[in-house]
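**Student:** My questions concern the predicted model and sequence given below.
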Amino acid sequence: MPHALSSRALEMAQTLVRMNTVSANSNLELIDFARDHLRGLGVRSRLTWNADKTKANLFATLGEGKPAGVILSGHTDTVPWDNQDWSADPLSGSVQDWPGDPDDASGARLYGRGSADMKGFIAVALANAQHFVESASPFAVHLALSFDEETGCIGVRELIADMKESGIQPMACIIGEPTNMVPAIAHKGVYRWRCCVRGKEAHSSLTPESVNAIEMAARLVGKVRDMAEGFEASEPRFDGFDVPFSTASVGQFHGGIADNVVPRDAEFRYEFRNLPTADAMVMQEELIAYARQLESGMRRVAPDAGVSFETICEVPSFLASATDPVTRLAQRLAGRSETTLVAFGTEAGLFKGAGIPTVVCGPGSITQAHQPDEYVTLEQLARCELFMRGLAMARSVG
């Protein structure tokens with residue numbers, strides 16, 4: 001390996017992993033740490049908040065006064081580890097050797113929740129912030145840290161809106177989700193809804209006088225399954241994805257109070273993961289149309305019966321090109337000639353939707369993210385640091 005991970009970057013990564021920023025918690029410990037670190041370099045940070053100011057996004061420009069700039073983007077929240085079988089404290093930030101690791105000649109791994117997804121990337125960016133401040137590069141580097149990515153890319157929407165209102169116009173964005181430092185140029189969208197069915201309860205011996213909410217919800221669940229089978233059977237394939245067609249699935253179902261009571265209420269949660277070439281809102285409209293058909297029969301028995309939908313998550317799909325300047329920049333900095341597609345969702349579609357050319361490229365593997373004993377190899381972090389050092393010396397994008 002031509003570059004060994006700096007002790008500063010490793011210490012920074014361990015520090016961030018030891019902060020509990022599960023999405024249900026505040027992320028302000030991490031945001032305050034990053035802001036203080038940047039302030040020590042003479043860099044001012046812009047913060048945007050959630051409604052009760054328990055969480056914040058951070059946006060900082062390293063190289064103030066330079067035109068345009070490249071965003072390094074990362075989310076600060078992590079998924080929980082409840083009921084997972086960890087062999088050590090998920091907040092330990094411990095480094096352990098693992099002989100025979102095919103990804104890392106030294107076998108050294110940083111363990112802990114968020115080590116791969118994606119505090120390792122954030123730590124390397126912060127540890128190398130001084131290089132960006134002192135860089136002779138003609139463009140600035142912006143650091144964007146968001147909250148609540150794991151629950152639906154919520155916080156970054158406020159960050160992007162604030163950036164637009166402030167007249168900040170970056171020329172590119174690199175999102176450091178774990179791709180093994182291979183630039184990723186596409187991912188599916190992730191859209192989730194909660195469907196609530198209101199029927200009419202009755203004693204189970206008087207079913208003709210009732211509207212069974214579970215049975216109506218089950219018909220809608222069946223429709224979701226029919227749609228999923230239709231995608232698999234007939235949707236044009238998108239080569240490069242592990243599952244090269246859109247998918248649909250139901251994740252939760254609740255309803256009923258007793259065996260001898262026709263249930264008045266039922267609800268379920270479902271998702272569509274649409275290809276970049278498919279429209280999740282069209283899928284949702286098809287399900288809503290089917291629900292309206294069911295409602296006409298339900299209301300003949302109970303006029304106030306019906307079906308309602310609540311949006312839980314809207315993460316747009318992402319599609320870029322191997323020929324985009326930011327993709328070529330990421331390839332050059334990562335020392336890779338190839339690109340990849342990823343199955344997981346990111347904030348990339350939102351940045352691109354704001355008119356900012358975007359690529360996803362970061363250290364570690366998504367197969368480790370969200371798992372017990374999550375880790376990132378020090379070799380991957382070192383590659384990321386080499387990437388950052390190269391960005392600090394870059395003279396152009398593309």
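**Tutor:** Received the coordinates, thanks.
**Student:** Kindly provide the distance from A24 to S94.
**Tutor:** 24 Å (CB to CB, to the nearest Å). For the C-beta atoms, the positions are set from N, CA and C on the backbone; glycine is no exception.
**Student:** Ok, I71 next?
**Tutor:** 31 Å.
**Student:** so G112 sits right up against D373, yeah?
**Tutor:** No. Checked against CB atoms under 8 Å, the pair G112 and D373 is beyond contact range at 9.0 Å.
**Student:** When these two are compared, which one has more neighbours?
**Tutor:** Neighbours were counted for G112 and for D373 using other CB atoms under 10 Å; G112 has more, 30 against 18.
**Student:** Excluding covalently adjacent residues, which one is nearest to that one?
**Tutor:** The shortest distance from G112 to any non-neighbouring residue, by CB to CB, 6 or more residues apart in numbering, is to V17 (3.7 Å).
**Student:** And for M298?
**Tutor:** A305 (4.0 Å).
**Student:** Could you count how many residues lie near that neighbour?
**Tutor:** A305 has 21 nearby residues by other CB under 10 Å.
**Student:** just V221 next, same as before
**Tutor:** Neighbour tally, V221, other CB under 10 Å: 17.
**Student:** thinking again about what came up before, tell me which of I71 and S94 has more neighbours.
**Tutor:** More crowded of I71 and S94, by other CB under 10 Å: I71, with 24 against 16.
**Student:** so what's the residue nearest to G112 up against?
**Tutor:** Contact analysis of V17 by CB atoms under 8 Å, 6 or more residues apart in numbering lists 91-93, 110, 112-115, 119.
**Student:** The residue nearest to M298 contacts S296, doesn't it?
**Tutor:** No. Taking contacts as CB under 8 Å, A305 lies outside contact range of S296: 10.2 Å.
**Student:** Any idea how many residues pack against P80?
**Tutor:** Count around P80 with other CB under 10 Å applied: 15.
**Student:** how much space between the residue nearest to M298 and Y270?
**Tutor:** On the measure of CB to CB, A305 and Y270 end up 20 Å apart.
**Student:** Could I get the buried residue list for the one helix or strand E295 maps to?
**Tutor:** In this structure, E295 sits in helix 280-301 according to DSSP states H and E. Of the residues in helix 280-301, 280, 283-284, 287, 290-291, 294-295, 298 count as buried by neighbour count, 16 or more other CB atoms under 10 Å.
**Student:** Just flag the most distant two among those residues.
**Tutor:** Distance extremes for the buried residues of helix 280-301: the farthest pair is A280 and M298 at 26.2 Å, using CB to CB.
**Student:** that's a helix at F309, yeah?
**Tutor:** No. With DSSP: H, G, I helix; E, B strand; the rest coil as the criterion, F309 is assigned strand and is not in a helix.
**Student:** I'd like the distance from the helix or strand containing S73 to the chain centre, please.
**Tutor:** Assessed by DSSP H and E, S73 sits inside strand 70-75. Put simply, strand 70-75 sits 13 Å off its chain's centre (CA atoms, centre = their mean, to the nearest Å).
**Student:** can you check stretch 229-240 too?
**Tutor:** Per CA atoms, centre = their mean, the centroid offset for stretch 229-240 relative to its chain is 23 Å.
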